[in-house]
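Participant: Show me how the following folds:
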Amino acid sequence: MLDLVAKKLFLTKGKGVHEDRLTSFEYALRDAGIAGTNIVLISSIFPPGAKLVPRSEGLKLIKPGQVLFTIYSRNQTNEPHRLISASVGIAQPSDPKRYGYLSEYEAFGQNEKQAGDYAEDIAAQMLASSLGIKFDLNKSWDEKRQQWKISGQIYKSMNITQTAVGDTKGRWTTVFAAAVLVL
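Facilitator: Okay, here's the model as predicted:
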């Protein structure tokens, strides 16, 4: 039986600008370092026992034409001066034998901190609910984070976010953020 559980993950991001929408996306993938691969979008589980490695190490583990399983966020605009963001949030459990969560989030008008915090919050909420940790949806992100830390069941949460302001000439601007799983 083929084992497709990733052993490593890395985070990457990029942005691209071009007159053509698809080419703008291609440029964002190039900026992220994964343009020469075949990207498959998957659901949002951080595999048990998987290790988060630096981007530089992760890029060395892939080769042109490879199929990459990714959790990614992408946003595009051709409106001049429009702020766009793409973010992936991560929440890892304290017990490495359990799975964690990743989330995808894209927004208009949100800066890197706003979009990143929201994506991270989504991932942490999904993990907390799967672990049976009670939390109040109406509390602020910082209050929920403190509550989860106290539980001792969530090891860490983080995000990777790419923002950009739409090109002044109306060319397509793409932002891309991803967690790339390496088998």
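Participant: ranges for the helices of this structure?
Facilitator: In the chain, helices defined by DSSP state H lie at 21-32, 55-60, 112-131, 141-151, listed in chain order.
Participant: Could you list the buried residues of stretch 120-130?
Facilitator: 120, 121, 122, 123, 124, 125, 126, 127, 128, 130 (16 or more other C-beta atoms under 10 Å). Bear in mind the C-beta positions are built from the backbone N, C-alpha and C, glycine included.
Participant: one step back: please identify which of the helices of the chain is closest to residue 9.
Facilitator: Shortest distance between residue 9 and these, using C-beta to C-beta, is found for helix 55-60: 7.5 Å.
Participant: and the closest one, C-alpha only, in PDB?
Facilitator: Only the C-alpha atoms of helix 55-60 are listed here, as PDB (Å, rounded to 0.1, in the frame of the first residue of the first chain):
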ATOM      1  CA  ARG A  55      11.600  27.100   3.200                       C
ATOM      2  CA  SER A  56      15.200  26.800   2.000                       C
ATOM      3  CA  GLU A  57      15.300  23.100   3.200                       C
ATOM      4  CA  GLY A  58      11.900  22.300   1.700                       C
ATOM      5  CA  LEU A  59      12.800  23.700  -1.700                       C
ATOM      6  CA  LYS A  60      15.800  21.400  -1.800                       C
END
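Participant: How far off centre is that helix?
Facilitator: 16 Å (C-alpha atoms, centre = their mean, to the nearest Å).
Participant: now for it, which elements pack on it?
Facilitator: Packed against helix 55-60 by the contact rule (3 or more C-beta pairs under 8 Å, 6 or more residues apart in numbering; DSSP states H and E) you find strand 8-18.
Participant: Give the other helices and strands that the strand it packs on contacts.
Facilitator: By 3+ C-beta pairs under 8 Å, 6+ apart, strand 8-18 packs against helix 21-32, strand 51-53, helix 55-60, strand 83-93, strand 154-165, strand 172-182.
Participant: 6 Å - rerun?
Facilitator: When contacts are defined as 3 or more C-beta pairs under 6 Å, 6 or more residues apart in numbering; DSSP states H and E, strand 8-18 sits against helix 21-32, strand 51-53, helix 55-60, strand 154-165, strand 172-182.
Participant: and these, which is most packed in?
Facilitator: Stretch with highest mean neighbour count among the helices and strands packed on strand 8-18: strand 172-182 (a mean of 26; mean count of other C-beta atoms under 10 Å).
Participant: For this protein, give me the ranges with low pLDDT.
Facilitator: 135-137, 141, 145, 147-150 (pLDDT under 70).
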